[in-house]
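>>> Just a sequence and a predicted model for now, questions to come.
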Amino acid sequence: MTPHSSRSPGNEPDSRPQPRTRPRPRDLGIAPGVLPPGPANSLTDVPGVRVGHLTLDHDDAELPVRTGVTVVVPAPGSVFRDKPAAGLEVVNGFGKAAGLSQITELGVLETPLALTNTLGVGAAFEGLVRHALAGHPEIGTTTGTVNPAVFECNDGWLNDIRGLHVRPRHVLDALDAATDAPVAEGAVGAGTGMVSFGWKAGIGSSSRLVDAGDGIRWTVGALVLANFGSADDLTVTGVPVGRTLTPEQAVEQAEFARGAGSCVALIATDAPADARQLRRIAKRTTVGLARTGGIIQHGSGEYALAWSTTHRTPHIPQGPARTASAVAEHGPVLDLLFRAAAEATEEAVLASLFAARPVTGVRGHHAPALPAREVARLVGAAAP
């Protein structure tokens with residue numbers, strides 16, 4: 001294989017880190033929001049968070065395979081034995097995710113997070129189970145079972161989704177490849193076959209720094225799996241560029257032209273927020289999606305999950321009661337976290353579009369790459 005190639009010869013998957021070969025929004029002067037980004041402007045700016053991709057991108061099957069798996073290790077150490085607080089917001093439940101009801105009920109995560117295509121949820125679930133069993137001999141013996149969390153979007157416009165190409169071992173490979181390096185973006189991992197606003201999209205990431213006062217600074221990171229939006233609605237920092245840039249393919253892509261698809265937004269923070277506060281933070285990802293032109297249509301499943309790397313609950317309690325920290329219920333501080341989630345989500349969606357290369361898939365369907373420099377020109381021309 002060519003070093004760092006995201007396309008694998010034959011049916012050999014690729015889980016190696018991918019270099020960024022296309023400009024990110026900030027490289028072209030597009031900087032959504034007002035809060036400063038973290039050092040890498042990536043989800044992995046939150047200490048302890050790691051991301052891994054497994055890309056399946058080949059033509060050796062009966063139909064082209066354009067899919068994969070992206071995993072997020074949400075915190076250091078065992079997240080089963082020391083569970084990160086989490087809050088879930090189901091914005092539009094047109095989806096087939098797994099493990100969400102227990103997250104809503106208990107407000108914690110127990111495994112890494114997996115993202116994949118809609119019909120790969122079962123395989124990803126098994127992969128997470130196998131990973132948990134390998135590292136925790138107590139599961140199913142001296143304690144209960146485990147709650148894997150899997151999110152999905154439908155990549156069937158470009159990918160042979162009926163071929164069920166994602167297998168449990170691909171989740172394990174992605175976990176082995178997980179790193180705290182800047183997140184590879186675009187047509188990689190779970191994003192390999194995704195389309196947004198009529199253009200090739202996929203994985204995108206961004207981060208924001210929050211000054212909470214008294215010398216305290218928190219990081220908020222976002223990762224999106226973007227597969228939503230009508231072509232003429234694409235908006236970049238308030239400029240409706242989609243009305244000018246609508247690709248000819250958008251007419252052919254009837255499903256995507258109507259805005260059906262899905263988007264998963266994952267938010268990590270080292271702020272000591274509790275589950276209720278994290279759900280409120282997750283809700284604000286909808287602001288970021290709306291700023292890019294998403295309107296959360298009937299057939300588009302939008303899910304947002306936020307978690308804290310520092311607010312954790314032990315699987316085995318030390319007594320009948322426990323004490324836990326939380327972010328102060330003080331508007332200005334919470335507002336900064338809300339703003340950070342909205343801004344990072346907005347930029348992550350744009351990053352997924354800017355990074356993605358063009359992809360041709362099943363039945364000759366083609367998703368063109370967004371002309372990033374033309375977008376930057378339109379945005380600059382509209383500036384006051």
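Looks like it arrived, so ask away. Only a predicted model underlies this, so the values are computations on that prediction, with no experimental measurement involved.

>>> Name the nearest residue to Leu175, sequence neighbours excluded.
Nearest residue to Leu175 in three dimensions, chain neighbours excluded: Val71, at 5.3 Å (C-beta to C-beta, 6 or more residues apart in numbering). Backbone N, C-alpha and C define where each C-beta goes, glycine included.

>>> mind exporting the helix or strand containing the one you found as PDB, just the C-alpha atoms?
Take DSSP states H and E as the rule and Val71 turns out to sit in strand 65-73. Below are the C-alpha coordinates for strand 65-73, written out as PDB (Å, rounded to 0.1, in the frame of the first residue of the first chain):
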ATOM      1  CA  VAL A  65     -17.300  -0.400  -1.100                       C
ATOM      2  CA  ARG A  66     -17.100   3.100   0.300                       C
ATOM      3  CA  THR A  67     -17.600   2.800   4.100                       C
ATOM      4  CA  GLY A  68     -15.700   2.200   7.300                       C
ATOM      5  CA  VAL A  69     -15.600   2.700  11.100                       C
ATOM      6  CA  THR A  70     -14.600   5.600  13.300                       C
ATOM      7  CA  VAL A  71     -14.100   5.000  17.000                       C
ATOM      8  CA  VAL A  72     -13.700   7.500  19.800                       C
ATOM      9  CA  VAL A  73     -12.000   6.500  23.000                       C
END
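
>>> just checking, what packs against that strand?
strand 50-58, strand 113-117, helix 168-177, strand 216-227 (3 or more C-beta pairs under 8 Å, 6 or more residues apart in numbering; DSSP states H and E).

>>> Could you dump these into TSV and include mean neighbour count and distance to Val150?
Shown next, in TSV, are the helices and strands packed on strand 65-73 (neighbours: other C-beta atoms under 10 Å; distance: least, C-beta to C-beta, whole Å):
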stretch	mean neighbour count	distance to Val150
strand 50-58	26	14
strand 113-117	30	5
helix 168-177	21	9
strand 216-227	27	12
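
>>> so which of the ones you listed gets nearest Ser325?
strand 216-227 (11.9 Å; C-beta to C-beta).

>>> Downstream of that closest one, the next helix or strand is which one?
Following strand 216-227 in sequence, per DSSP H and E, is helix 242-245.

>>> just to revisit the earlier point, the helices and strands packed on strand 65-73 into JSON lines, with extra columns for mean pLDDT and distance to Glu89?
Shown next, in JSON lines, are the helices and strands packed on strand 65-73 (pLDDT from 0 to 100; distance: least, C-beta to C-beta, whole Å):
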{"stretch": "strand 50-58", "mean pLDDT": "98", "distance to Glu89": "21"}
{"stretch": "strand 113-117", "mean pLDDT": "98", "distance to Glu89": "15"}
{"stretch": "helix 168-177", "mean pLDDT": "98", "distance to Glu89": "24"}
{"stretch": "strand 216-227", "mean pLDDT": "98", "distance to Glu89": "14"}
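
>>> can you give me the helices in the stretch 51-200 of the chain?
Secondary structure of the stretch 51-200 of the chain, counting by DSSP state H, counting those that start in this stretch: helices at 100-106, 121-135, 168-177.

>>> Between those, which one is closest to Ile295.
Using C-beta to C-beta, these put helix 100-106 closest to Ile295, at 22.8 Å.

>>> Packing partners of that closest one?
Short answer (3+ C-beta pairs under 8 Å, 6+ apart): helix 100-106 packs on strand 82-92.

>>> so where's the longest strand in the protein?
The single longest strand within the chain, with elements called by DSSP state E, is strand 300-314.
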